[in-house]
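Novice: Please work out how this folds:
(one chain, ligands or ions: 1)
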Amino acid sequence: MRKIVVILNIAALLTIFSFYGCSIADQANSSLDSDSSTTPSPTATTHIVEMTGNYEFVPSSLTIKQGDSVEWVMNSPKPHEVASGTVIETEDGKEGVPDDLWNSGKMVSGSFTYTFNSTGTFPYYCDSHVDQGMVGEITVE
Ligand SMILES: [Cu+2]
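Specialist: Okay, the predicted model is just below:
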């Protein structure tokens, strides 16, 4: 008889703990919900720029709104990379000078996305193909 009481007590404790566990999970979910205010506003847009086999960013010049993102999409049999910065002329030809806002690294497929949270003009280039004129510019208003 005593054994049964102990088992019932354990069952009751398990029931209480499982309810407690649920309420903890609910709290975790609701705190996740409140974090959604930090995600981009519904009006933010992602603009696509293609990287082509002709060493081009298409479109090479793009005007977007503050808070928008640009997604550079590979559409090329040759690898490319997207680095922010300017291109200068040197004795050996053109050379990219990174400003380290973003750098996708060498890409063979897929895409790279950067969100522009401040206004201004943002030049960029493909480090492998600056000599072929593979440069672009994003203007953020
Ligand atoms: Cu390239």
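Novice: care to break the chain down by domain?
Specialist: 2-38, 46-140 (automatic domain parsing).
Novice: just those domains: most buried one?
Specialist: domain 46-140 (a mean of 16; mean count of other C-beta atoms under 10 Å). Every residue, glycine included, has its C-beta placed from N, CA and C.
Novice: Output the below-cut-off pLDDT ranges for this protein.
Specialist: Residues of the chain that meet the criterion pLDDT under 70 lie in 1-41.
Novice: middle-most residue in it, spatially?
Specialist: Most central in the chain under C-alpha atoms, centre = their mean is Thr113, positioned 4.6 Å from the mean C-alpha point.
Novice: As a check, name the ranges of all strands in the chain.
Specialist: Using DSSP state E, the strands of the chain run over 46-52, 57-58, 61-64, 69-75, 83-90, 93-103, 111-115, 120-125, 135-140.
Novice: Dump those into a markdown table; add distance to the ion as well.
Specialist: Formatted as a markdown table, those follow (distance: least, C-beta to the ion, whole Å):
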| stretch | distance to the ion |
| --- | --- |
| strand 46-52 | 7 |
| strand 57-58 | 9 |
| strand 61-64 | 17 |
| strand 69-75 | 10 |
| strand 83-90 | 10 |
| strand 93-103 | 11 |
| strand 111-115 | 12 |
| strand 120-125 | 9 |
| strand 135-140 | 10 |
